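1. below are the sequence and a predicted model for it; my questions follow.
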Amino acid sequence: MLETFIKRARQCTESHQLYAICEEISEQISWSEEALSRAEYQFNWLSIEAELKHMAVLKYAYKTVEGWADDMDDDERALAHSWECHEAQMGDR
């Protein structure tokens, strides 16, 4: 699961693609939280432990991919700003 998210994220070329993966992970975190709640209600300790491990991996994946997305977004904005400045300078000539 973690490996799949990381491989997919590494193939992304734009921040919005990374943010879409974050949305998928976030949805899975919500499902896992619901499963954890059910396991707690049933006092199912094996399921509680499994869901906690699953959530930890999902949250790690989310944090990692979100960090990459934020960095890529910053780079995209800087590049867009640089391009706008270049276009403005060339327009003055």
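-> Looks like it came in fine.

2. what packs against the lengthiest helix in the chain?
-> Criterion DSSP state H: the longest helix present in the chain is helix 45-91. Under the contact criterion of 3 or more CB pairs under 8 Å, 6 or more residues apart in numbering; DSSP states H and E, helix 45-91 touches helix 2-10, helix 15-41. Where you see a C-beta, it was placed from the backbone N, CA and C, and this is true even at glycine.

3. need the winner for burial among those.
-> helix 15-41 (a mean of 15; mean count of other CB atoms under 10 Å).

4. so that helix versus helix 45-91, what angle?
-> 160 degrees (axes from the mean of the first three to the mean of the last three CA atoms, to 10 degrees).

5. rounded mean pLDDT for helix 15-41, please.
-> Averaging pLDDT along helix 15-41 gives 97.

6. list the contacts of the closest residue in space to Gln28 that isn't next to it in sequence.
-> Excluding its sequence neighbours, the residue lying closest to Gln28 (CB to CB, 6 or more residues apart in numbering) is Leu58, at 5.5 Å. Applying CB atoms under 8 Å, 6 or more residues apart in numbering to Leu58 gives the contacts Met1, Ile25, Gln28, Ile29, Ser32.

7. out of the residues you listed, flag the one nearest to Glu40.
-> Comparing the contacts of Leu58 against Glu40 with CB to CB picks out Ser32 as the nearest, at 12.4 Å.

8. any idea how far that closest one is from Met55?
-> The span separating Ser32 from Met55 equals 5 Å under the rule CB to CB, to the nearest Å.
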